[in-house]
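Engineer: Just to be clear, the model below is a prediction. Sequence and coordinates:
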Amino acid sequence: MSADTHKEMAGLDDAVSRAVGLLAKARLPLIAGLGTDVDGVRAALRLAHAVGGAVDHAAAAHVAVDLRVAADAGNMTTTAAEARNRADLLVIAGPGAAAFVERSGLFTVAETPYSWRGERQVLAIGCEIPRAISATAETLAIEGDVRSILRRLKARAGGRPAAADAAIEAAAAMLKAAKFGVVVADPEDFDRFGLELLHALVKELNETTRFSTLTLPAPHHGRGANLVSAWTTGARLRVGFGRGYPEQDDWRFDAERLARSGEVDALVWIGALGPDLPDWAADLATVALVPAGTSTKADVVIEVGVPGVDHDAVMTDVVRDGLSFVEASAPSSAPRVDAVIARIADALASRSGGE
Amino acid sequence: MLTLLKGGRVVDPANGPTAVRDLWIRDGRIVAGPAEGETPDVVHDVTGKIVMAGAIDVHSHIAGGNVTMSRLLLPDLHVSEDPASEGMPFGTARWSTWETGRLYAEMGFTTVIEPALAPTQAMQTHQELADIPMIDRGALAVVGNDDHFLALLREGEGPAALRDHVAYHLAASRGIGIKVINAGGPAAFHSGLRTFDLDDEVPHYGATSRQIVTALLDTAADIGIPHPLHIHANNLGVPGATKTIVDTIAAAEGRPLHFAHIQFYSYGKDAEGGMVSGAEEVVRAFAEAPNITMDVGQVMFGDTVTISLDLMKQWGGRGYASPKKWMLQDGDAEGGGIVPLAYKRKNWVNQLQWAIGMELFLLSPDPWRMLLTTDHPNGGSFTTYPKIMHLLMDREERRAWVEAMPQAARDRTGIAEIEREYTIEEIAIMTRAAPAKVLGLGDRGHLAPGATADVSVYDDLADRTAMFSSAALVLKGGREVVRGGRALGWFSGTTHHLAPETDPAMRRRIASYLDARFGVGPAAFAVPEAAFAGPQPFKVEPCLK
């Protein structure tokens, strides 16, 4: 072990003991941000169980819109690879989706294992046609508010009267003619009623053809965090453990609301995969687990490794829509989130055991 | 360490008649007895109690993307309301992996197989399995509906290529066997078809369901997979599906084949096309085909959710969703469909489903080949197993249920005429020895010297439901994990899987296919040991060749 590593370890011991001191005094601790890998989320949920805390993730729209609609009404979804390979019609619904298509390059590949697909048609609603789509045949863009266009499209696709112009009529015809259409949407562009409408349109189109959706993955490993919560607690985030068992409640365990209302009096912020501390954390006693070099104003700052960079990690992979093992791209001795949280939890347990 | 289970009634039909005797365990294995003059380190007095091998479930949806998808769809189905026991976080979190392991163990189950390991989602399935405590696990790799396999069939590539493809995915996903789901049906559904039968062709591939099944039967034999090909046949839930089963049994031509949740196919048709029990027809074909094994998929009443990779069936069943919401994912091969259901006592179709499951158990001539499942959670929760065993062992208990059936259901099943009662030995075969045999796990399911010391001890109660709900004592690998029906603390079991040889040329082909299809290579789908913190969860089981 090098002298530097010894110094790092001593620094970590000190930070962990200050974090424990802070959490031991808390009546209701909050664990939020939760930008971490599968093992980090596991550890965070264990700590929350031990201290009776609440857990939330930074990807609020993902929880409040995407997963809420899934639980309210169900949905039809597909994978990124199926959207890219099978879809003969791509519906880009809103500016967030358009930006994702440009950024991800998901549709820049023309080739497909499904030789029968042919060229793609593209319908953009509430945004421009993204450039990063190859093998494009017919395109149609309808400008305006994506939700209002969706309402009219749903009415026309269902044969019901609506204030429809030629563009809406043409778009409705494209939807119905597709053999396997995929709507790409960003939950940030919708409230939950708008997204539910979108899923209702897709379900209805499946009465006569095949259609599905691809919603943007939540940032900061939000998708993965919710999966781990679902199998560990039986439910997605947000969850609270105040009663010794997990309770799922989007409103009660909303981190920002808990902080602003003063219900919580301590915060463990996990930002290994971003983001940095939000403004609402300013008045809370805070332990921040953030990557090295982050200028974070918190009572206790613990520098942690970035999953997949500093250390190996299991995370959801956006391109292939599933959990993958990601080898460290620049291995370092920076501690893992799960190791730090486990140390805090162990120290808390021995402290309460000693009292 | 030497452990003695003293004076129990040992029910171990794989090795001999039931007898009151001592059972000795040394360092996690059953042994014949102590060395001369040796005294045991631990003695459990189990006088008057029933001692059996730990129970084994061959088909229970306990982990993976679709199970978690159903958790996301249905936060309302399970609501937690009990604080966890000390040292057992999440143990009372309803529908969590932790609760699943605890509940299985408390019933005396020690090994459970997840039947739908999608190779592209293998990492998630294994992460969830690793979080199911108390029991050993395994999973069946789902094959036969993915584009690469179907393209091999279309191009007329020979059996060697098909074998190499399947061996690759079985090894990469760490399955303990292979399963095919409505062979060709999900692929056909992606292309817009809404029904699919044994001789229908998958659009764009030209292969029929029969060809896929036949190819996989050959492949399973060629790789030497101990568990027979596990089939979710075509036409699940369709009146008249009995014919599909009879035809599929014939298509196996004597090769080993395991039919999953056969109750859901044992539906005949009356003159008007209405649903009647087809259990007798299915059992007739089953009795004549010793190569065939089945699990029942018993329906029990209550709210549940159906989780299936059979997209076509789930699409067809969406109208029955209760509550009225459902999910359907077009995945990279099958995907998944989640439809919540309520099996109601007042619904004659649900009652008929219950009766058909019972008929299958009771008409089956061979407990070694007809296994207990509810296709958890599709027919009902695995926590109903004790009640099912009770109904099978006690005709008076069953009579009360039959008499409560609506006439419309009673007219369509022969259940009321069946007097048979399962013996405790038959229960032990059906839930222990037979599932171990059908999975190729020779070290369990029985209590011969050398076997893994997975042992369940029960109070011998007339109320079989109470008896099997709450094991008096459970040893997992010789270690005491349950006492008085309560788990004693978290303990990590093992995930068993096969590791067949893979062909280097096929590895290269699949790598380039994955890269073209996903834009990422095989590493993105791999399940390395490094992905699991702490002691690694895996144990490799041998192939037959």
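Structural biologist: Structure's in. What do you need?
Engineer: Nearest to chain B within chain A, name that residue for me.
Structural biologist: Relative to chain B, the nearest point of chain A is residue A:244 (3.0 Å; CB to the nearest CB). Any C-beta I mention is one placed from the backbone N, CA and C, and that applies to glycine too.
Engineer: Which helix or which strand is home to that residue?
Structural biologist: Under DSSP states H and E, no helix or strand contains residue A:244.
Engineer: Let me see the contact set for the closest residue to it other than its chain neighbours.
Structural biologist: Of all residues not flanking residue A:244 in the chain, residue B:83 sits nearest, at 3.0 Å (CB to CB, 6 or more residues apart in numbering or on different chains). By CB atoms under 8 Å, 6 or more residues apart in numbering or on different chains, the contact set of residue B:83 is A:243-245, B:92.
Engineer: Kindly recompute the last result at 10 Å.
Structural biologist: Applying CB atoms under 10 Å, 6 or more residues apart in numbering or on different chains to residue B:83 gives the contacts A:241, A:243-245, B:91-92.
Engineer: Just list the residues touching the spatially most central residue of chain B, thanks.
Structural biologist: In chain B, the C-alpha nearest the mean C-alpha coordinate belongs to residue B:59, at 0.6 Å (CA atoms, centre = their mean). Going by CB under 10 Å, 6+ apart, residue B:59 touches B:112-116, B:140, B:179, B:230, B:232, B:258, B:260-261, B:295-297, B:371-376, B:378, B:435.
Engineer: Would you mind giving the secondary structure of it?
Structural biologist: Following DSSP: H, G, I helix; E, B strand; the rest coil, we place residue B:59 in the coil state.
Engineer: Chain A contacts on the stretch 401-545 of chain B?
Structural biologist: Neighbours of chain A within the stretch 401-545 of chain B, by CB under 10 Å from any CB of the partner chain: B:513-514, B:516-520, B:523-534.
Engineer: what kind of secondary structure is whichever residue of chain B sits closest to chain A in?
Structural biologist: Using CB to the nearest CB, the single residue of chain B nearest to chain A is residue B:83, 3.0 Å away. Counting by three-state DSSP, the backbone at residue B:83 sits in coil.
Engineer: What residues does the residue nearest to residue B:186 when sequence neighbours are not counted make contact with?
Structural biologist: The shortest distance from residue B:186 to any non-neighbouring residue, by CB to CB, 6+ apart, is to residue B:334 (4.1 Å). Residues in contact with residue B:334, defined by CB under 10 Å, 6+ apart, are B:66, B:116, B:118, B:120, B:142, B:144-146, B:180-182, B:185-187, B:189-190, B:232, B:308-312.
Engineer: Flag every buried residue along stretch A:209-219.
Structural biologist: Buried residues in stretch A:209-219, defined by neighbour count with 16 or more other CB atoms under 10 Å in any protein chain shown: A:210-219.
Engineer: just those residues: which has the poorest pLDDT?
Structural biologist: In terms of pLDDT, the lowest of those is residue A:217, showing 89.
Engineer: how close does the residue of chain A closest to chain B get to residue A:32?
Structural biologist: 21 Å (CB to CB, to the nearest Å).
Engineer: How about residue A:234?
Structural biologist: 20 Å.
Engineer: Check residue A:48 too.
Structural biologist: Where residue A:32 is concerned, residue A:48 sits at a distance of 10 Å (CB to CB).
Engineer: all strands for the stretch 101-250 of chain A, in order.
Structural biologist: A:120-125, A:136-142, A:180-185, A:210-215, A:239-240, A:247-248 (DSSP state E, counting those that start in this stretch).
Engineer: swap in the stretch 401-545 of chain B?
Structural biologist: Using DSSP E, counting those that start in this stretch, strands in the stretch 401-545 of chain B cover B:455-459, B:473-476, B:479-483, B:486-487, B:495-498, B:538-541.
Engineer: Could you tell me the angle between the direction of the third one and that of strand B:455-459?
Structural biologist: Right, the one you point to is strand B:479-483. Put simply, strand B:479-483 runs at 30 degrees to strand B:455-459, going by axes from the mean of the first three to the mean of the last three CA atoms, to 10 degrees.
Engineer: domains in chain A, as residue ranges please.
Structural biologist: A:22-59+A:220-354, A:73-215 (automatic domain parsing).
Engineer: Which strand or helix spans the residue lying closest to residue B:211 once chain neighbours are set aside?
Structural biologist: Of all residues beyond its chain neighbours, the one nearest residue B:211 is residue B:153 (6.4 Å), with distances taken as CB to CB, 6+ apart. Assessed by DSSP H and E, residue B:153 sits inside helix B:147-154.
Engineer: ditto for residue B:114
Structural biologist: If you go by DSSP H and E, residue B:114 is part of strand B:109-117.
Engineer: Let me see the mean pLDDT of that strand.
Structural biologist: Here the average pLDDT along strand B:109-117 is 98.
Engineer: With just CA atoms, put that strand into CSV.
Structural biologist: Extracted in CSV, the C-alpha atoms of strand B:109-117 (Å, rounded to 0.1, in the frame of the first residue of the first chain):
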residue,chain,number,x,y,z
PHE,B,109,-38.2,-25.5,-0.5
THR,B,110,-34.5,-25.5,-1.1
THR,B,111,-34.1,-25.2,-4.9
VAL,B,112,-36.1,-23.1,-7.4
ILE,B,113,-35.8,-22.7,-11.2
GLU,B,114,-36.6,-19.4,-12.9
PRO,B,115,-38.0,-20.6,-16.3
ALA,B,116,-37.4,-17.5,-18.5
LEU,B,117,-33.8,-16.4,-18.8
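Engineer: What strands line up against that strand, and which way round?
Structural biologist: The pairing partners recorded for strand B:109-117 under DSSP bridges are strand B:55-57 (parallel), strand B:136-142 (parallel).
Engineer: Tell me which of those strands lies nearest to residue B:243.
Structural biologist: Closest approach to residue B:243 among the strands paired with strand B:109-117 is made by strand B:136-142 (24.9 Å; CB to CB).
Engineer: quick one on the thing from earlier: and the strands of the stretch 101-250 of chain A as a markdown table, adding distance to chain B?
Structural biologist: What follows is the strands of the stretch 101-250 of chain A, written out as a markdown table (distance: least, CB to the nearest CB, whole Å):
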| stretch | distance to chain B |
| --- | --- |
| strand A:120-125 | 16 |
| strand A:136-142 | 19 |
| strand A:180-185 | 7 |
| strand A:210-215 | 5 |
| strand A:239-240 | 9 |
| strand A:247-248 | 5 |
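Engineer: Give me the buried positions along the least confident helix or strand in chain B by mean pLDDT.
Structural biologist: Least confident helix or strand of chain B, by mean pLDDT, DSSP states H and E, is helix B:407-410 with a mean of 94. Applying a neighbour-count criterion of 16+ other CB under 10 Å, one finds B:409-410 buried in helix B:407-410.
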